[in-house]
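Trainee: Kindly return the folded structure for what I paste below:
(one chain, ligands or ions: 1)
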Amino acid sequence: MEMNSNQTSPVLTDPAPVNNSRLSTYSGLLPYPQAGAAFPSGKYVKIPRKKPGKLDDVRSNGWLDAMKSSSPPRKKLIKDFTVEITSDDTDAAHRSWMLKYPSALHSFNQITDYAKNKKIAMFLDYDGTLSPIVDDPDRALMSNDMRSAVRNVAKYFPTAIISGRSRDKVYELVGLAELHYAGSHGMDIMGPVNHLAADDHSNNCIIRSTDQLGKEVNLFQPAREFIPMIDEVFRTLVENTKGIQGSKVENHKFCASVHYRNVDEKIWPTIAQLVHDILKSYPRLRLTHGRKVLEVRPMIDWNKGKAVEFLLDSLGLSKSDDVLPIYIGDDKTDEDAFKVLREKCGGYGILVSPVPKETNAFYSLKDPSEVMKFLESLVRWKSKQEED
Ligand SMILES: O=P(O)(O)OC[C@H]1O[C@H](O[C@H]2O[C@H](CO)[C@@H](O)[C@H](O)[C@H]2O)[C@H](O)[C@@H](O)[C@@H]1O
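Mentor: Prediction:
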């Protein structure tokens, strides 16, 4: 067992798999073109550092539009939602959106009425949900009050953090040993051991391990074979973005992020084309858009929604009607989880957004401070229920 440097942490660095042959047979890979595949032949394609040439690709494939609309200023979103921009229309658009996705705080009684005889399972995104969005990803810290609110929620309900960040990083930021963690958009899950769930979920991707306290845990890493490829792409991205002021590249082990929040908007086409050029050599990787971030990830059929299903299974909560999963998140990648809750699990997605957005969630909250109020209200409600 390999522990990370924090000795009290239950989050393990990846131990050697029990049986390597079990890892290579995961069947969730999406179809991908074979020609020119750079991996896993053992010979990596070297992407020369060069200035991107024409910027036609990213103009025509929609990347630029997606970049502009990711985390847009209030005015732009309202414009997308209505036709004209006047403050009356803005208010009206917001009101009609709130009718469709009511505040989870205003609808609290309705939610708890439904939850009365059910077991709540709580899923929480990190950035923009538990911590406010800030310019520097390394400074996206969670307040101590928020940490207490999450700690208290976990006393009453099984609770998991599902983040785009690496599992180690998000654990370091949250710092609560009593939670379950899924990093890299659900591609790196540390959860409880459940043999039946393991069988259901291609147990060839599951690595048995123990935490420091000796408790058995399962690591589920369906994209494990991509680790060297992601590392290589990360290094190429770092090298090729060196000259772009304000850009930042993160390695999340199973995916890599290229931030452009602090890059001059005039340079966005260049950064997009550069990522596009690199991806051409990696047909088994794909791009997704987050909040002012381009995310490079393996082309496998796995996302935050699948991670929620996996965790519900592992917790023994997937096959009963008396479970109410609640997922709170703010980003496009959280939509996969909202969709699973809406369509398969009979749960509630709660979108964190101060402005109208199309979503698969049922309810909304304005910002992390409202998330905290909602979590505290749930704890008060549950503790009162237990007293009665
Ligand atoms: O799934 P999440 O936990 O929400 O993680 C998604 C991404 O969050 C981080 O980036 C975002 O938050 C930063 C800090 O507020 C902000 O600077 C950035 O513009 C946002 O995109 C994280 O750095 C990414 O790697 C995650 O994928």
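Trainee: residues touching residue 279, list them.
Mentor: Shown in contact with residue 279 (CB atoms under 8 Å, 6 or more residues apart in numbering): 285-287, 296. (Glycine included, C-beta is placed from N, CA and C.)
Trainee: now residue 321
Mentor: residue 346.
Trainee: Looking at the contacts of residue 279, state which has the most neighbours.
Mentor: Comparing the contacts of residue 279 by number of neighbours (other CB atoms under 10 Å), residue 296 comes first, having 23 neighbours.
Trainee: Tell me the residues on the stretch 251-388 of the chain that lie near the ligand, please.
Mentor: 257, 259, 261, 290-293, 295, 331, 333 (CB under 6 Å from any ligand atom).
Trainee: just to revisit the earlier point, the contacts of residue 279 in strands, which ones?
Mentor: Residues of the contacts of residue 279 located in strands (DSSP state E): 285-287, 296.
Trainee: Based on its surroundings, how many neighbours for residue 253?
Mentor: By other CB under 10 Å, 24 other residues sit near residue 253.
Trainee: Relative to residue 194, how far out is the closest residue in space to it that isn't next to it in sequence?
Mentor: What sits nearest to residue 253 in space, not counting adjacent residues and going by CB to CB, 6 or more residues apart in numbering, is residue 166, at 5.0 Å. Residue 166 sits 24 Å away from residue 194 when distances are taken as CB to CB, to the nearest Å.
Trainee: Ok, residue 383 next?
Mentor: 28 Å.
Trainee: and the two? which has more neighbours close in?
Mentor: residue 194 (19 against 12).
Trainee: distance of the more buried one from residue 109?
Mentor: Distance, residue 194 to residue 109, by CB to CB: 34 Å.
Trainee: what's near enough to touch residue 363?
Mentor: Residues in contact with residue 363, defined by CB under 8 Å, 6+ apart, are 101-104, 107, 111, 348-351.
Trainee: of those residues, buried ones?
Mentor: 101, 104, 107, 111, 348-351 (16 or more other CB atoms under 10 Å).
Trainee: any idea which of those is closest to the ligand?
Mentor: residue 351 (12.4 Å; CB to the nearest ligand atom).
Trainee: wait, that closest one sits on residue 364?
Mentor: Yes - with contact defined as CB atoms under 8 Å, residue 351 reaches residue 364; the gap is 4.9 Å.
Trainee: Report the set of residues contacting both of these two.
Mentor: The contact lists of residue 351 and residue 364 share residue 101, where a contact means CB under 8 Å, 6+ apart.
Trainee: Show me the shaky parts of the stretch 101-250 of the chain.
Mentor: Scanning the stretch 101-250 of the chain for pLDDT under 70 picks out 195-204, 211-213.
Trainee: Leaving out chain neighbours, which residue sits closest to the closest residue to the ligand within the chain?
Mentor: At 2.8 Å from the ligand, residue 164 is the closest residue in the chain, using CB to the nearest ligand atom. Distances taken as CB to CB, 6+ apart place residue 185 nearest to residue 164, at 5.0 Å, with adjacent residues excluded.
Trainee: which residues touch the one you found?
Mentor: Residue 185 makes contacts with 162-164, 254-255, 295, 297, 303-304, 307, 333, as judged by CB under 8 Å, 6+ apart.
Trainee: at 10 Å what do you get?
Mentor: Neighbouring residues of residue 185 by CB atoms under 10 Å, 6 or more residues apart in numbering: 162-165, 223, 252, 254-255, 288, 290, 295, 297, 302-304, 306-307, 331, 333-334, 336.
Trainee: Quick one, which of the residues you listed are buried?
Mentor: Neighbour counting over the contacts of residue 185 (16+ other CB under 10 Å) leaves 162-165, 223, 252, 254-255, 288, 290, 295, 297, 302-304, 306-307, 331, 333-334, 336 as the buried ones.
Trainee: quick check, nearest of the residues of the stretch 251-388 of the chain next to the ligand to residue 126?
Mentor: Nearest to residue 126 among these is residue 331, at 9.9 Å by CB to CB.
Trainee: close enough to count as contact, that closest one and residue 303?
Mentor: No - applying CB atoms under 10 Å, one finds residue 331 not in contact with residue 303, separated by 11.8 Å.
Trainee: Common neighbours of these two, please.
Mentor: 185, 288.
Trainee: which residues touch residue 292?
Mentor: 67, 70-72, 133, 135, 259-263, 268.
Trainee: go with 7 Å
Mentor: 70-71, 259-261 (CB atoms under 7 Å, 6 or more residues apart in numbering).
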